[in-house]
Each structure stands twice: as C-alpha cells, then as structure tokens.
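Colleague: Return atomic coordinates for the entry below.
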Amino acid sequence: MTLERELREKLRRIEALYAGATTEGERMAAKAAIDRIRSRLEQAGRVERPAEFKFTLADEWSRKLFVALCRRYGLSPYRYRRQRYTTVMVRAPKSFIETTLWPEFREIQEALEQYLQEATDRIIREEVYKDAHEAPER
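Modeller: Coordinates of the predicted model:
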C-alpha cells in the first residue's frame, strides 16, 4: 500500500471515530458519518448558544485543513480585516468545538504531517542525497 493510500485510509478511520461509527459498514459510509456529525452540531446548537472562537494556526497547510473541516460540517470560517492570514474565526457551540472539531482536526493534522515528513525524507534520500538526517550540533 502506498503512503498516500495509507494516509487516506487513516483519515477515513479518524472521521469514522468522530462520527461515532459502530460497524465496518458505517465506517465506509462517509456521507452517513458526516451527516451524524452535522446532526450532533445541530443538537449542540439547540442546547447551547454558538460562540465565536479564534484559532491561530501555525502554517498555511493547517489553516487550509481547518477551514475545509469547518466547511465540511456546515460552519462558515472567516477572519476579520487586519487579522493575520493564519487566524481563523468560527461560530459554533463550544461542546462541538471541544469534542469533535478540534480533536478531529488535530488527529488529521498529525497524520498529514507524518505523511509529509515521510514523503520529504524519501524524496531527499532518493533524489538529492541518501543521508537525510539533521545536521549534528557542535
């Protein structure tokens, strides 16, 4: 299995985990998983009032991932004029942010970072120089 295929499978498992899937068939039904999470968001919105949250993300890749994840669940990410490009604002129930959106983002981000690190190391070893280790400290 290629690195990219492994990453895609890992992302599906992460999504299934946060959607509350209980069977293998459910894990494969991405549409149903997203619908369950959106339903959870709607329920949280009925119980608690949505609040505005500010997220400061480390880089462009993290920001893109976070914005896409927000949009997947029907949230509308934005930023105010003069805010940094890596800042993302979103209005949502606090419980949804804490139990679903942020933990899922962190897991997906970690999986993507691992994939990018492995791919970078492999390309450097194969195309630039076989020793891709860090420079030693002196």
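Colleague: ok, E104 - how many residues close by?
Modeller: With neighbours defined by other Cβ atoms under 10 Å, the count for E104 comes to 20. For every residue, glycine as well, the C-beta is placed using N, CA and C.
Colleague: Could you say which helix or strand holds it?
Modeller: Assigned by DSSP states H and E, E104 belongs to helix 102-123.
Colleague: Return the set of buried residues in that helix.
Modeller: By 16 or more other Cβ atoms under 10 Å, the buried positions in helix 102-123 come out as E104, F105, E107, I108, Q109, A111, L112, Y115.
Colleague: Kindly report the same for stretch 54-71.
Modeller: Buried positions in stretch 54-71, judged by neighbour count with 16+ other Cβ under 10 Å: F55, L57, S62, R63, L65, F66, V67, L69, C70.
Colleague: Which parts of this protein are helices?
Modeller: 3-19, 24-28, 30-47, 60-72, 94-96, 102-123 (DSSP state H).
Colleague: what are the C-alpha coordinates of the third one, in PDB please?
Modeller: So that's helix 30-47. What follows is helix 30-47, C-alpha atoms only, in PDB (Å, rounded to 0.1, in the frame of the first residue of the first chain):
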ATOM      1  CA  ALA A  30     -18.500   8.700   4.600                       C
ATOM      2  CA  LYS A  31     -21.800  10.500   3.800                       C
ATOM      3  CA  ALA A  32     -23.500   9.000   6.800                       C
ATOM      4  CA  ALA A  33     -20.600   9.800   9.000                       C
ATOM      5  CA  ILE A  34     -20.700  13.500   8.000                       C
ATOM      6  CA  ASP A  35     -24.500  13.600   8.500                       C
ATOM      7  CA  ARG A  36     -24.100  12.200  12.000                       C
ATOM      8  CA  ILE A  37     -21.600  14.900  12.900                       C
ATOM      9  CA  ARG A  38     -23.800  17.600  11.400                       C
ATOM     10  CA  SER A  39     -26.700  16.300  13.400                       C
ATOM     11  CA  ARG A  40     -24.500  16.400  16.600                       C
ATOM     12  CA  LEU A  41     -23.700  20.000  15.700                       C
ATOM     13  CA  GLU A  42     -27.400  20.900  15.300                       C
ATOM     14  CA  GLN A  43     -28.300  19.300  18.600                       C
ATOM     15  CA  ALA A  44     -25.500  21.200  20.400                       C
ATOM     16  CA  GLY A  45     -26.800  24.400  18.800                       C
ATOM     17  CA  ARG A  46     -30.200  23.800  20.300                       C
ATOM     18  CA  VAL A  47     -28.800  23.200  23.800                       C
END
